[in-house]
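Peer 1: Just need the structure, nothing else, for what follows:
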Amino acid sequence: MKENKARRVEKHIIKATDRFFPLLLDFCHQSKNLYNHANYLVRHAFTKNKNWIRYAELDKILKFDEEYPDYRNMPTAQSAQQILRLLDRNWTAFFASIKDWSKHKEKYSGKPKLPKYLKKDGNFLLILSNQECRLKNDGKIHFPKIFHGFTITPKFIEKNNFNSFQQVWLIPHRNRIVAELVYTINVPEQKPDNQKYIGIDIGVNNLATVCNNTGQQAFIINGKPLKSINQFYNKKISHYREICKRMNHREYSQRMNRLTEKRNAKIEDYLHKTSRYVMNYCIEHDIHTIVIGKNKEWKQNSKMSKCQKE
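Peer 2: Sure, this is the predicted structure:
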């Protein structure tokens, strides 16, 4: 059977206690500086002269910029180029949205805005290709020398259908960095339409209502556990925010951050188990096609506040 390739992502958490964390966080900060500097050049040229500076020209300008060394402060030249390509894609999406907005204003809630600057004291993702991060025979991904021996041991090499390692995305959060390892696997060719379908309607109390045309009994996947997780989280966050405001006039704390991470992990786990259950159901009943309802702007007019005043 002919096989195709599919992209997958494996996540690794780098905690603040890791000895490499300060180094990686500094690289992510440099990535933010480069993004903002490049975005300033593009915005300035567009608003003043209606000129769009594309990636190739932007790369030349920043590479030889003597006054602002944001490009040279990046760990590698390729990582700097990846950020400039990402910015170029954001501007491409902006112009495409503006063009579509001018023809179909009813599709939008407002006029698309220029790509924004990132927070001055914040961080941004760092992208490293497989030319810089090498998957070696010892089963580890080795980073460039400037990373001072930092390595990651992936699990995807143990997969029978593993094909190739692609790149690493280092995504900063408040007190951790998520390393997303992008790789490809071999997957079988898409199955032909056998006239067997399931339809999925996404909701809140009922996370997924699943019906079919094969004569099997329809079923519902409960969404209330997700609501419960969110309600508990919102209650605790509100409580700790009040304490933070009273004690140190802050809006956020490390305890709130840990609570947020735990809540996100629970939701991600529940959704993964849900999708796996549906896939196993399709395999068991030889169903080749899944149809999912599209609920466009379904939250736009919902009343989600605690109380509604008449």
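Peer 1: Ends of stretch 70-84, what's the gap?
Peer 2: 12 Å (CA to CA, to the nearest Å).
Peer 1: Contacts for it, please.
Peer 2: 27, 30-31, 33-35, 37-38, 55, 58-59, 62-63, 65, 124, 126-129, 131-132, 144, 146-147 (CB atoms under 8 Å, 6 or more residues apart in numbering). In this view, the C-beta of every residue, glycine as well, is placed from N, C-alpha and C.
Peer 1: among the residues you listed, which are in helices?
Peer 2: 27, 30-31, 33-35, 37-38, 55, 58-59, 62-63 (DSSP state H).
Peer 1: okay, stretch 102-120 in CSV with CA atoms only?
Peer 2: C-alpha atoms of stretch 102-120 as CSV (Å, rounded to 0.1, in the frame of the first residue of the first chain):
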residue,chain,number,x,y,z
SER,A,102,-13.1,45.2,1.2
LYS,A,103,-15.3,42.8,-0.8
HIS,A,104,-17.1,41.0,2.0
LYS,A,105,-17.4,43.3,5.1
GLU,A,106,-20.3,41.2,6.4
LYS,A,107,-17.8,38.3,7.1
TYR,A,108,-15.8,40.4,9.6
SER,A,109,-16.6,42.0,13.0
GLY,A,110,-14.2,44.8,12.2
LYS,A,111,-11.5,46.0,9.8
PRO,A,112,-8.3,43.9,10.0
LYS,A,113,-5.5,45.6,11.8
LEU,A,114,-1.8,45.8,11.1
PRO,A,115,0.4,43.1,12.7
LYS,A,116,1.0,44.2,16.3
TYR,A,117,4.2,44.6,18.3
LEU,A,118,5.0,42.1,21.0
LYS,A,119,5.3,43.2,24.6
LYS,A,120,8.5,45.1,25.3
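Peer 1: Distance from that stretch to the middle of the chain?
Peer 2: 20 Å (CA atoms, centre = their mean, to the nearest Å).
Peer 1: And the average pLDDT for it is what?
Peer 2: Stretch 102-120 carries an average pLDDT of 90.
Peer 1: For stretch 73-82, buried residues please.
Peer 2: By 16 or more other CB atoms under 10 Å, the buried positions in stretch 73-82 come out as M74, P75, T76, S79, A80, Q81, Q82.
Peer 1: what are the ranges of the strands in the stretch 51-200 of the chain?
Peer 2: 126-129, 134-135, 141-142, 151-152, 162-172, 176-188, 197-202 (DSSP state E, counting those that start in this stretch).
Peer 1: neighbouring contacts of the longest one?
Peer 2: Which is strand 176-188. With contact meaning CB under 8 Å, 6+ apart, strand 176-188 is reached by 1-16, 21, 24-25, 28, 141, 152, 154, 156, 159, 161-171, 261.
Peer 1: Of those residues, just the buried ones, ChimeraX syntax please.
Peer 2: Filtering those down to the buried ones (16+ other CB under 10 Å) takes a single ChimeraX command:
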select :8,10,12,14,21,24,25,28,141,152,154,156,162,163,165,166,167,168,169,170,171
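Peer 1: could I get the strands of the stretch 51-200 of the chain as CSV with mean pLDDT and distance to N248?
Peer 2: Putting the strands of the stretch 51-200 of the chain into CSV (pLDDT from 0 to 100; distance: least, CB to CB, whole Å) gives the following:
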stretch, mean pLDDT, distance to N248
strand 126-129, 96, 31
strand 134-135, 94, 45
strand 141-142, 97, 40
strand 151-152, 97, 36
strand 162-172, 96, 23
strand 176-188, 94, 22
strand 197-202, 93, 41
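Peer 1: Out of those, the one nearest M247 is which?
Peer 2: strand 176-188 (24.2 Å; CB to CB).
Peer 1: Flag every buried residue along that closest one.
Peer 2: R176, I177, A179, L181, V182, Y183, T184, I185.
Peer 1: now, among the buried residues of stretch 73-82, which is nearest to V204?
Peer 2: Nearest to V204 out of the buried residues of stretch 73-82 is Q82 (CB to CB; 37.9 Å).
Peer 1: picking up where we left off before, drop anything exposed from the ones in helices among the contacts of stretch 70-84.
Peer 2: F27, Q30, S31, N33, L34, Y35, H37, A38, Y55, L58, D59, L62.
Peer 1: Can you verify my assumption that I171 contacts L125?
Peer 2: Yes: contact criterion CB atoms under 8 Å: I171 and L125 qualify, at 4.8 Å.
Peer 1: Quick check, central residue of the protein?
Peer 2: Nearest residue to the geometric centre of the chain (CA atoms, centre = their mean): I171, 8.6 Å.
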